[in-house]
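Visitor: below are the sequence and a predicted model for it; my questions follow.
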Amino acid sequence: MTDSDTDTATGTASTADLLVREGDIAGDYLERLLDIADVDGDIDMDVEGDRAIVAIVGEGLDALVGPNGATLDALQELTRLAVVQQTGVRSRLMLDIGGWRAKRKADLTEVGNRAAARCLESGEAISLAPMTPFERKIVHDAIAAIDGVESESEGVEPERRVVVLPVGND
Amino acid sequence: MLENALEHLVRGIVDNPDDVTVDLVTNRRGRTLEVRVNPDDLGKVIGRNGRTAKALRTVVAALGGRGVRVDVVDTDEVR
């Protein structure tokens, strides 16, 4: 605590350490919950970029995902709070359960790819269904990888949606 | 099981985990999980716009507590 103002290398190292520690705290919190609730599941911990990723993997975890991932989001929220309680630092930790977020990401990439194909074929703007910021980011990333189309977000939350446009036709 | 799960979830997010108790109360209105925490931790358990309390209710429902109420009891009100 006395020498927090050292060089950037130390800063980077301590960020990585912090993310590992976030994963450990989150893993303990969730593992104990699974024990109490008598739910089978293993906990995987990882660091991706600047955030800790914690995944509960196994079969029969649908109840913990909930409709549209609502229970997963609630558990992620509580897990972040448990992390902050111990580290004192705001957490962007991502929780996945039963591969739901990974599958959702693949599905949304496919939605982006299809919309781009339709847009290229018709030459017209394609407006997609409302999505959360996290979901829109995945679609934008998918569209950015395709030549001839671009995307932007329109509307006000929670009705904000991705619009796919042909390049140079606005 | 629900009491223990909820107690664990709450203990992890407060400054005074030893002060957390959860009781399952059954009355005419059905089953209620009554959560009591140190008055200093009340804000943490409720969260901004009740966001944390809502997350706790969502998880309890998913663990088999559908129809079970979750009440955060303000012990300061008891005289």
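Guide: Looks like it arrived, so ask away.
Visitor: now chain B, which segments are flagged as low pLDDT?
Guide: Applying pLDDT under 70 to chain B flags residues B:76-79.
Visitor: can you tell me the SS state at the spatially most central residue of it?
Guide: Closest residue to the average C-alpha location of chain B: residue B:35 at 3.5 Å, with Cα atoms, centre = their mean. At residue B:35 the chain is in strand, as set by DSSP: H, G, I helix; E, B strand; the rest coil.
Visitor: please report how far it lies from chain A.
Guide: Here the criterion is Cβ to the nearest Cβ, to the nearest Å. By it, residue B:35 lies 13 Å from chain A. No exception for glycine: its C-beta is placed from N, CA and C like everyone else's.
Visitor: chain neighbours aside, what residue packs nearest to that residue?
Guide: residue B:72 (4.8 Å; Cβ to Cβ, 6 or more residues apart in numbering or on different chains).
Visitor: which SS class is the one you found?
Guide: Relying on three-state DSSP, one would call residue B:72 strand.
Visitor: pretty sure the residue nearest to the centre of chain B sits against residue B:8.
Guide: No - under the criterion of Cβ atoms under 8 Å, residue B:35 makes no contact with residue B:8, lying 11.9 Å away.
Visitor: ok, back up a step: so what's the residue nearest to the centre of chain B up against?
Guide: Contacts for residue B:35 were tallied using Cβ atoms under 8 Å, 6 or more residues apart in numbering or on different chains; they are B:6, B:10, B:20-22, B:45, B:56, B:70-73.
Visitor: now those as CSV including neighbour count?
Guide: Below are these laid out as CSV (neighbours: other Cβ atoms under 10 Å in any protein chain shown):
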residue, neighbour count
B:6, 26
B:10, 24
B:20, 21
B:21, 14
B:22, 21
B:45, 20
B:56, 25
B:70, 21
B:71, 14
B:72, 19
B:73, 15
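Visitor: who is residue A:94 paired with across the strands?
Guide: residue A:53 (DSSP bridges).
Visitor: tally of neighbours for it?
Guide: The local packing of residue A:94 (other Cβ atoms under 10 Å in any protein chain shown) involves 18 other residues.
Visitor: residues contacting residue B:60?
Guide: Counted by Cβ under 8 Å, 6+ apart, residue B:60 has contacts B:2, B:5-6, B:33, B:68, B:70.
Visitor: go again using 6 Å as the cut-off
Guide: B:6, B:70 (Cβ atoms under 6 Å, 6 or more residues apart in numbering or on different chains).
Visitor: are we agreed that it is in a strand?
Guide: No - per three-state DSSP, residue B:60 lies outside any strand segment and is helix.
Visitor: that one and residue A:44: what is the separation?
Guide: 25 Å (Cβ to Cβ, to the nearest Å).
Visitor: could you list the low-pLDDT ranges of chain A?
Guide: A:1-13, A:169-170.
Visitor: noted, bye for now.
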